[in-house]
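Engineer: model this:
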Amino acid sequence: MRCVLQVISNALGVWGLEIVLFNSREYQQLLIDPIHEKAFICNYKEHWFTVRKLGQQWFNLNSLLTGPELISDTYLALFLAQLQQEGYSIFVIRGSLPECEADQILRIMRVEQQQRPKLIGEDEAQRMSVQQTSDPG
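Structural biologist: Residues are numbered from 1 along each chain as shown. Next up is the predicted model:
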């Protein structure tokens, strides 16, 4: 992980950004509410994903989901705490993130999510389970 972290740190440095361990003593002493940040990078074993604020809303951009998951401001701290409990390392991205089209659009309008995205393969697993239980064979 240290090598990958160095690569990510160097890549972010090009944009004037830095990466800080979320549960480090130095960061925790700042007493910053996570909703005042702009992005987090989460890692567990070989899987990395981002939680990012676009416009005024937070999104879980985990590639294991069928799409972005909207996270409310009130749920963000709980979501990060749950990830930590599951063994994830969480890093805060500090600095001014480059502008992107999604950020510009979501500053003008808010998104509502009718249904939480599922894990990739979850629909297929449910269909197979239903098919097996309804199959009289």
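Engineer: quick one: secondary structure of the most centrally placed residue in the chain?
Structural biologist: Centroid-nearest residue in the chain, with CA atoms, centre = their mean: Val51, separated by 2.4 Å. Following DSSP: H, G, I helix; E, B strand; the rest coil, Val51 is assigned to strand.
Engineer: Name whatever forms a beta bridge with it.
Structural biologist: In this entry, Val51 is beta-bridged to Phe40, Asn60, by DSSP bridges.
Engineer: ok, it to Cys3 distance?
Structural biologist: Between Val51 and Cys3 the distance is 23 Å, computed by CB to CB, to the nearest Å. No exception for glycine: its C-beta is placed from N, CA and C like everyone else's.
Engineer: Same question for Gln28.
Structural biologist: 26 Å.
Engineer: what about these two, which has more around it?
Structural biologist: Gln28 (11 against 7; other CB atoms under 10 Å).
Engineer: And the more buried one, what's its pLDDT?
Structural biologist: The model reports Gln28 with a pLDDT of 75.
Engineer: again, but for Leu76
Structural biologist: Reported pLDDT for Leu76: 96.
Engineer: just Val130 next, same as before
Structural biologist: At Val130 the predicted local distance difference test score is 60.
Engineer: Use 12 as the first number from now on
Structural biologist: Let's use 12 as the start, then, which means that last one is Val141.
Engineer: count of neighbours near Ile101?
Structural biologist: 20.
Engineer: in which helix or strand would I find it?
Structural biologist: In this structure, Ile101 sits in strand 100-105 according to DSSP states H and E.
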